[in-house]
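Engineer: Predicted model and sequence below, questions to follow.
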Amino acid sequence: MSKRVSPKTFIYKSARFLGSKHELGSSLAQALKGAPTLADRRQPLGDPHAPEWLLLNEHRIHKGFVSGVLVRYTPGTAAAALLDDPAAKTAPVSKYTPPKQGGKPTEWLESLLFFTVFKNHVVLLQSSALRASHLEAFLRWFFAARPETQSCGSLELNDRPARVTAKRLRETPVRNIQIGGMLASDQDTSPKAVSSTTESRSISVSGDTASAASSDILNALAVLAGKVRGFSELNLKGLDDSQVSYKLLLTIDRRKTKEDHSQDVLNRLGHALRHAEGVDTRIELADGSSVHGDELRLTGKESLTMYDGLPDTVEVFDRMEHWLLQKVEAGDIEAT
């Protein structure tokens, strides 16, 4: 067994249920107690005749924390491996099926996501194929499927900056918001596919299913520019093979109103783009200062021991709990 220490990124999210005051930690603990088997915690994805599963596997309820591992797998799928020979012109690919255990099949895991919850605080260790959007969608399904938690309502996992940054944004009016990045189209953005809220130009991007960051951005831009002449004729689907960057500038003009709506704008943008990745956001404040990049979300680097490329589950749970407690005690996160 190979063993090495590798830096990993913990990501903080703030949870809330729309339409109710339920707490994520206690609700999840209650749902897990009523779901003792894998069948109770396994969400089907795609074709029911060729199932792909999202499963909440290992989990722990410990001192107010609820931690778990979300895994994705497709039954009957072999793992592909190639001969790693840099000098070769091509590498032969071999297929391996997992061995049975006690006469029962085992399956290769396509991806894992580790998380821990304390009250409405969430810490994630994502993988390339399982992200916060997948956890949010799975927990929505899980709570709706369990009679103990059907009254919770729809769950959202939102980014939150450190408390000192959040206080600064609340107390200082916003002059403008700049959003930019690389754009690629992988989803229908025709007028019919855009939310009916186009007339009010509010950003409304559904988080019910996981989507690519570019799709989130395209949908948001389509809604914002829905009444701009000629926008509907743009062939955004034709950008698949293009390297296109975008920059969106939202300016808040206070000469027409005595009220400061900038916090509402920030909340709406945060909601719409909460799962979009690769987005460069910069907020210019009225006092001339700015907030941007990592200041707008709370993350942390932690070194974990990897065994054959995988971390020890208990160590990850312990480290995430400790990291979250440190942030709360240091005042980086507001206690709930």
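Structural biologist: Nice, I can see it. Owing to the predicted nature of the structure, the values given are computational and were not obtained by experimental measurement.

Engineer: Which helix or which strand is home to residue 27?
Structural biologist: helix 24-33 (DSSP states H and E).

Engineer: Near residue 154, how many other residues are there?
Structural biologist: Residues lying near residue 154 (other CB atoms under 10 Å) number 15. For the C-beta atoms, the positions are set from N, CA and C on the backbone; glycine is no exception.

Engineer: which stretches of the stretch 101-250 of the chain form helices?
Structural biologist: 132-145, 163-171, 213-224 (DSSP state H, counting those that start in this stretch).

Engineer: what about the longest strand in the protein?
Structural biologist: For the chain, the strand with the greatest residue count under DSSP state E is strand 3-18.

Engineer: following the helix holding residue 27, which helix or strand comes up?
Structural biologist: strand 42-45.

Engineer: That next one pairs with which strands, and in what direction?
Structural biologist: strand 52-62 (antiparallel) (DSSP bridges).

Engineer: And residue 15, how close does it get to residue 82?
Structural biologist: 41 Å (CB to CB, to the nearest Å).

Engineer: Residue 113 now?
Structural biologist: Distance from residue 113 to residue 82, by CB to CB: 26 Å.

Engineer: More neighbours: which of these two?
Structural biologist: Applying other CB under 10 Å to residue 113 and residue 82 shows that residue 113 carries more neighbours, namely 22 against 11.

Engineer: Next one: the more buried one relative to residue 19, how far apart?
Structural biologist: 26 Å.

Engineer: still on that earlier bit, what's the offset of the helix holding residue 27 from the middle of its chain?
Structural biologist: 20 Å (CA atoms, centre = their mean, to the nearest Å).

Engineer: Show me the contact partners of it.
Structural biologist: 15, 17, 41, 56, 59, 61, 64-66, 68, 117-122, 139, 142-143, 146, 148-149, 152, 155 (CB atoms under 8 Å, 6 or more residues apart in numbering).

Engineer: Likewise for stretch 43-62?
Structural biologist: So stretch 43-62 is contacted by 29, 32, 38, 41-42, 66-75, 134, 138, 141-142, 313-314, 317, 321 (CB under 8 Å, 6+ apart).

Engineer: Can you read off the backbone torsions of the closest residue to residue 165 other than its chain neighbours?
Structural biologist: Nearest residue to residue 165, sequence neighbours excluded (CB to CB, 6 or more residues apart in numbering): residue 295, at 5.3 Å. For residue 295, the backbone dihedrals (degrees, to the nearest 10) come out as phi -70, psi -20.

Engineer: my guess is residue 295 contacts residue 161, does it?
Structural biologist: Yes: between residue 295 and residue 161 there is a contact under CB atoms under 8 Å: 6.0 Å.

Engineer: more crowded one of these two?
Structural biologist: residue 161 (20 against 17).

Engineer: which regions of the stretch 201-336 of the chain lie under the pLDDT threshold?
Structural biologist: Scanning the stretch 201-336 of the chain for pLDDT under 70 picks out the ranges 201-244, 253-265, 267-276, 278, 335-336.

Engineer: how about a cut-off of 90?
Structural biologist: 201-298, 328-336 (pLDDT under 90).

Engineer: mind checking pLDDT for the spatially closest residue to residue 69 that is not a sequence neighbour?
Structural biologist: In space, residue 69 comes closest to residue 58 once its chain neighbours are excluded; the distance is 4.7 Å by CB to CB, 6+ apart. For residue 58, the model assigns a pLDDT of 97.
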